[in-house]
Every structure is written in C-alpha cells, then in structure tokens.
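> Build me a structure from this.
(one chain, ligands or ions: 1)
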Amino acid sequence: MRRREFLYNGLAGACTLAFPKGSARKATSSVDSRIEILIGESLGTISPDIYGHFTENLGGVVYDGIWVGENSKVPNINGIRMKLIEEMRKIKAPVVRYPGGCFADSYDWRDGIGPADKRPRRTNFWSDGEESGAPTSHKYDPNQFGTNEFVHFCKLIEAQPYLAANVRSLSAGEFYRWVEYCNSPARATTLADMRAAAGYVEPFNVRFWGVGNESWGCGGDFTPQQYAIEFRRFTTWVPHYGQRLSFVASGPNVDDWNWTRGFFEEILRKGRSPLRSIYGIALHHYAWNLSRGRTQDWVQGKGDALKFDAVEWYELLREGERMESLINGHWHIMGEVDPSHAVKLIVDEWGPWYRPGSEVTPGDQLEQLPTLRDAVFSGMTLDIFNRHPEKVAMANCAQLINCLNSLYLAHEDRFCVTPVGHVFAMYAPHQGGQAVRTMFSAPTISYDRDGKPAAFWGLQGSASLHDKDLVLTVVNPAIHDPREAEIVIRDARIKVVVGTTLTHPDIHAHNTFEQKEEVSPQTKPLPVSSGTLTHTFPPASVSSLVLTLA
Ligand code: AHR
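Here you go, the predicted structure:
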C-alpha cells in the first residue's frame, strides 16, 4: 500500500511489543573531533517559525490533547488544557498549523463557529481509521473546537495561527469568507458581527493561509498543473483588510520533483505576477520506511516506535537526513523559475512515522511513543533547518500532541513532555539568531547494514549568533561512542558556557505518564580554559551549548 492509498483507506490496528534492553556504552574517550564556528560568516536569520507546530483534528490531538472543555476537571483556560499552554509558552512556540492535514480538505469552517450548543456534529475525515472503542469525538467531530477556540489557543501561547483552507470540497468563495470572518474589521461585516457575538470583536489578523493540503493526494488528487490553476483562483483578489496575507501552496511529497516543477510552470503560464502572492510552497517528508530497501509498501515498510535495534536506529536517521537534500533539490528547481527566490520553502509536516502499537492511550489513532531516537532525529532535523535559513521560512513538526512525533502526550488529567518536547525547549534559543557557518569533523560511524558496510556521520549541528551569545546545538548519533570535541570560535574567545544535554543509557528510553522524567535534559556550566572549550558529547545525545563570547 502506498501513502496516498493509506490516506484514502485509513489504517487501524495495534500490536503488542517486547521492550529490548539498552546497549552497553564505552565510558572514556579523548579528543577526536573538532567544531569550528565562523561567526563572521552569516548564513541568514533563522526564522522563529521553523520551530512551528501542527495540530490536526485527528485522533487525540484536538479532543483530549488540546481541548478538554470549560467544565472539565482537567485544569484549563477557557477549555484549553492549561498544562499544554504552560509548556508551549516555555518553548516560545511561534506558529501553529490547523486543522490539518488531510482533515482540512473535508472541513467546513462554518461548522466550528457560533454558539457551541448549536454547532453540528460531522463525520471526521479520519473516522474510518478509528477503532470501535475510540472516543466518539474522534469519529464524529462535535465542533466544540473551531476557529475561535484555535485562535484563542494561539493567543494564549503567543503563537501565530496558520489556517489550512479546504480546496478539495469547498469553493474559493468559502475561503474568502473564512478570511473575512477572521480578518474583517470590527462591526464592518456580518461575519465580523458573528465573530463579535462569540466574544471576539477585534479581527484575528490571521496572516498565514495554507491553500489546501497534500493536493497531490487526500487534498484532491490533482496534477500539479490542475492544482496551480486552483491555487491561482483561490488566491486572486482575496480581501486583505490591511493584513498581509501569506499564502502557502500545497507542495511536493518528499522527492516529487515533478510536482514542484509542474506547479511553478503552470503558475507562471499567464505571467510572473502570481509569484508575488506565494509566500511558500509546502514540502512534506515523513521518515517511515525502515525496511532498508526491501519494500516501498506504506504498511510493510514501517518500523516499530519502541522495539528497534542499532541498524534501525541509524536507518531512521538516514531517512530523516534526506531532509537536507530535499530542501536543496526543491530549492534548486524553484530557482529555475524564481531566481530571486521570492518563494520560500515551508516544511509543514515532518517527523518519524511508525506502525501502530505504542499508543499511550489505546485508540488514539497515529499516536506513537517518542523515544531518545526521536529526540536525536528531531535535533538533527532542526539543525538542518537552521543551516538553511535563506530557504526554509517555516516548519511544523507533525504533530504537537498525541500524534506521531509528539512534543507532549496527554490523556484526561495526565500529561508528560516527550524527549522531542525537550529538544524543542533546548533549540528555542536559536530563534531569530544569525545562523553562522559551522564545520564539524568527527570520526564516521561504521556499522553492518544487512551484510554490507554502512556509514553515518559522527557529529552534526548548527550555530547561531545573538549579539554576544552563541547558541550551538550538536547531535551525536553514535550509539556507543562519546565524541570529545575541541570547540573553536574563529575571531572570538569564550567567556562562559552553559551546556544542556539530553541522553540516556538506553536508546529506547522514553517518558510516560508514570515516568515523566525518564528522559530529561541536564544543564550545567562547562569549564572554559584560556578562552577555549573542549566538551564531550555523550553517545546518542542532543546537546545545546550557550556560549558567551568575549
Ligand atoms: O500527519 C498525518 C497526515 O499525514 C496528514 O493529515 C497528512 O497531511 C499527511 O499525509
């Protein structure tokens, strides 16, 4: 089965997992690596929005994850889980995408406004994949969480809303009306009055609008040329109400170069002016195929979230690091028609995707339990985005809570931060900094991949400058070997360093409602000697160092 078939047919099922023990690690090392940071060589400003999130009305993401309702015993602010708000404030969440994903192209925004008790119940896009025992709200959308509640959630966490419009099953006119509902001035239109009746007199001023989602598949099964025509129609003469509108086009699935090329060729058929209205094109890449080339089947190719060996650890990272060549490849094609690169890349879905079976809340569709492997994967991915600040304007991890690469897990009054959530906290200081060229040299990891020698890089990361502070994040993917690195800042001396490390002796380690702190970051000052720093990066770790420069 291919991914697009999966998205039509849905997928359900669970399996019981054994839990393998961690591997022994080497305890000692000596300097074997070097990180050289060229603070004079800026790569561009790191858009805070690459630390963005994705929330789809799918499984336990919205109902239970975000929305508990005003009358819930779970502490909440206006129905939104309070603990989630607190955690998202800590990581400086910049932007949140909603309501999908595939759900978006089946969603009528009008169902989610007006008095809560008058809102209709609708069949959720994902209902066919729900198990029989799943909560009713997962199958039949009660619409208690709609545009008002989502925008309010964003306001509470001080993030920008990023709404995905329905291109497959609603008209362009309905899209304009959604913009009008959100952005028309107080008392100016009937929709502004409806917004005011819900308690929101002032406009929401939503800037980011996705025009469909995965329009090559669940979002309408268009060819890139057909979709480009839809995109032009949807985005021509949308009223602005004084708000800059940043439209995001549905982009390629992984390495579908033809989608990117076909879309831009058709967009430009009538002239170059449409380029001005495209803020970005959305690339999606999930690391799901751990079969090492044995199959391309969407179900058979998946690995297990918890039960994996060393080869599968590296395999996931290999799949994930494709992100860098995908960014470079699509950027190159975009440059053929848009040499000044007015249009940016938006990676609005990324993360690992495993087979079912590790759900902390049975029945939560597409929920999986993130481990240390996913933390290393996420650090690696965020470093890739940091290294391409001129190309990637926004990225949204799939998904925020109770789904795929979750930062948080929640069920009723239980809540925990996953190792992925900790990585987002550790990387938050990069936001808005000047990415600077950084060179890593470290011994390559060699391992046996099904009888053939395979290799993976030894250390990678990214660095950003914030006045006198330098933020350096580093991933050591080696399961067994620490890396002791000399860290050299060209043209500056190091005064003070504070280091935070996320690791665990067991590569399968993860957090649960019962053991919330099993994988948690450790922060301490690091010794600086004569303005230089030597630091040991433990095996299977993500590190964040904040260096104050002289
Ligand atoms: O994140 C889950 C699904 O993956 C999204 O709904 C869809 O866009 C993608 O295929």
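> Any buried residues in stretch 407-427, and which?
407-411, 415-427 (16 or more other Cβ atoms under 10 Å). Bear in mind the C-beta positions are built from the backbone N, C-alpha and C, glycine included.
> In strands only, show me these.
Among these, the members found in strands (DSSP state E) are 408-411, 415-417.
> CSV for the residues you listed, including distance to the ligand?
Shown next, in CSV, are those (distance: Cβ to the nearest ligand atom, whole Å):
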residue, distance to the ligand
Y408, 16
L409, 16
A410, 18
H411, 19
F415, 21
C416, 21
V417, 20
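> Next, give me the two most distant ones among those residues.
H411 and V417 (14.3 Å; Cβ to Cβ).
> just to revisit the earlier point, turn the ones in strands among the buried residues of stretch 407-427 into TSV, columns for pLDDT.
Output for those, formatted as TSV (pLDDT from 0 to 100):
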residue	pLDDT
Y408	98
L409	98
A410	98
H411	98
F415	98
C416	98
V417	98
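> Ignoring the adjacent residues along the chain, who's closest to the residue in the stretch 451-550 of the chain positioned nearest to the ligand?
Residue of the stretch 451-550 of the chain nearest the ligand, by Cβ to the nearest ligand atom: H510 (20.1 Å). Closest residue to H510 apart from its sequence neighbours, by Cβ to Cβ, 6 or more residues apart in numbering: T371 at 4.4 Å.
> sorry, back to before: so what's the residue of the stretch 451-550 of the chain closest to the ligand up against?
Neighbour list for H510: 306, 369-372, 418-419, 518-519 [criterion: Cβ atoms under 8 Å, 6 or more residues apart in numbering].
> Just give me the closest of those to the ligand.
Distances from the ligand to these, taken by Cβ to the nearest ligand atom, are shortest for P370, at 14.4 Å.
> Does the closest one touch V423 like I think?
No. Judged on Cβ atoms under 8 Å, P370 makes no contact with V423 at a distance of 9.5 Å.
> H430 versus whichever residue of the stretch 101-250 of the chain sits closest to the ligand, what's the distance?
Among the residues of the stretch 101-250 of the chain, G101 lies nearest to the ligand; the distance is 2.8 Å by Cβ to the nearest ligand atom. Distance, G101 to H430, by Cβ to Cβ, to the nearest Å: 26 Å.
> who's more crowded, these two?
For G101 versus H430, the count of surrounding residues by other Cβ atoms under 10 Å is larger for G101: 30 against 25.
> so what's that one closest to, chain neighbours aside?
E56 (3.6 Å).
> For that neighbour, which residues are in contact?
By Cβ under 8 Å, 6+ apart, the neighbours of E56 are 62, 98-104, 399, 403.
> and of the residues you listed, the nearest to E312?
For these, the nearest to E312 is C403 (21.4 Å; Cβ to Cβ).
> Kindly tell me how buried that closest one is, as a neighbour count.
26.
> Kindly report the same for G363.
17.
> Could you do C182 as well?
For C182, the number of neighbouring residues by other Cβ under 10 Å comes to 25.
> Ok, the one 10 residues further on next?
Residues near A192, counting by other Cβ under 10 Å, number 22.
> Next secondary structure element downstream of the helix or strand in which it is found?
Assigned by DSSP states H and E, A192 belongs to helix 190-197. Toward the C-terminal end, the helix or strand that comes next after helix 190-197 (DSSP H and E) is strand 208-211.
> quick one: contacts of that following strand?
95, 97, 104, 160-165, 167, 175, 179, 230-231, 234-235, 245-250, 279, 282, 348, 394.
> Over to stretch 84-94?
48-49, 51-53, 65-66, 77, 153, 156-160, 401, 407-408, 410, 415, 417, 421, 424-425, 428, 431.
> for this protein, which spans come out with low pLDDT?
Within the chain, the stretches with pLDDT under 70 are 1-29.
> go again using 90 as the cut-off
Residues of the chain that meet the criterion pLDDT under 90 lie in 1-29, 131-134, 237, 273-277, 363, 490, 531-532.
> quick one: which helix or strand includes the residue nearest to Q522 when sequence neighbours are not counted?
Of all residues not flanking Q522 in the chain, T501 sits nearest, at 5.5 Å (Cβ to Cβ, 6+ apart). Assigned by DSSP H and E, T501 belongs to strand 494-502.
> Direction included, what does that strand pair up with?
strand 522-526 (antiparallel), strand 541-549 (antiparallel) (DSSP bridges).
> Which positions within the longest one qualify as buried?
Burial within strand 541-549, assessed by neighbour count using 16+ other Cβ under 10 Å, is assigned to 541-547, 549.
> Please apply the same query to stretch 478-490.
Neighbour-count burial for stretch 478-490, counted by 16+ other Cβ under 10 Å, picks out 478-479, 481-485, 487, 489.
> Report the two members of the residues you listed separated by the largest distance.
Using Cβ to Cβ, the buried residues of stretch 478-490 span at most 29.5 Å, a distance reached by I479 and I489.
> and the closest residue to W313 other than its chain neighbours, how many neighbours?
Nearest non-adjacent residue to W313, counting by Cβ to Cβ, 6+ apart: R373, 5.5 Å away. Neighbour count for R373, taken as other Cβ under 10 Å: 27.
> Just to check, R373 is in contact with E319?
No. Counting by Cβ under 8 Å, R373 does not reach E319; the two are 11.6 Å apart.
> which residues do these two both contact?
Common contact partners of R373 and E319 (Cβ under 8 Å, 6+ apart): P352.
> Then D481 would be within a helix, right?
No. Counting by DSSP: H, G, I helix; E, B strand; the rest coil, D481 falls outside a helix, being coil.
> Pull out the buried positions in stretch 160-168.
Judged by neighbour count (16+ other Cβ under 10 Å), stretch 160-168 contains these buried residues: 160-168.
> next one: stretch 96-113
Quick answer for stretch 96-113 (16+ other Cβ under 10 Å): 96-107, 109-113.
> same question, stretch 299-312
Buried residues in stretch 299-312, counting neighbours by 16+ other Cβ under 10 Å, are found at 299, 301-308, 312.
> What segments of the stretch 351-500 of the chain are helices?
Listed in chain order, the helices of the stretch 351-500 of the chain (DSSP state H, counting those that start in this stretch) span residues 372-386, 419-427.
> Can you name the residue of the stretch 301-450 of the chain nearest the ligand?
A398 (4.4 Å).
> Pull the number of nearby residues for that residue.
When neighbours are counted by other Cβ under 10 Å, A398 registers 25.
> ok, now the one 3 residues further on?
Taking other Cβ under 10 Å as the neighbour definition, I401 ends up with a count of 25.
> what's the closest non-adjacent residue to G65?
Here the residue nearest G65, using Cβ to Cβ, 6+ apart, is I401, at 3.9 Å.
> I figured that neighbour hits C416, correct?
No. If you go by Cβ under 8 Å, I401 and C416 don't touch, sitting 10.5 Å apart.
> Strands - which of the buried residues of stretch 160-168 land there?
160-165.
> of those, closest to K139?
Checking these one by one against K139 (Cβ to Cβ), the nearest turns out to be A164, at 21.0 Å.
> just to revisit the earlier point, which of the contacts of strand 208-211 fall in helices?
Those of the contacts of strand 208-211 mapping onto helices are 175, 179, 230-231, 234-235, per DSSP state H.
> what residues are up against E518?
Counted by Cβ under 8 Å, 6+ apart, E518 has contacts 504, 509-512.
> can you check V496 too?
The contact partners of V496, taken as Cβ under 8 Å, 6+ apart, are 525, 528, 547-548.
> rerun that using 6 Å as the cut-off
If you count contacts by Cβ atoms under 6 Å, 6 or more residues apart in numbering, V496 has them with T548.
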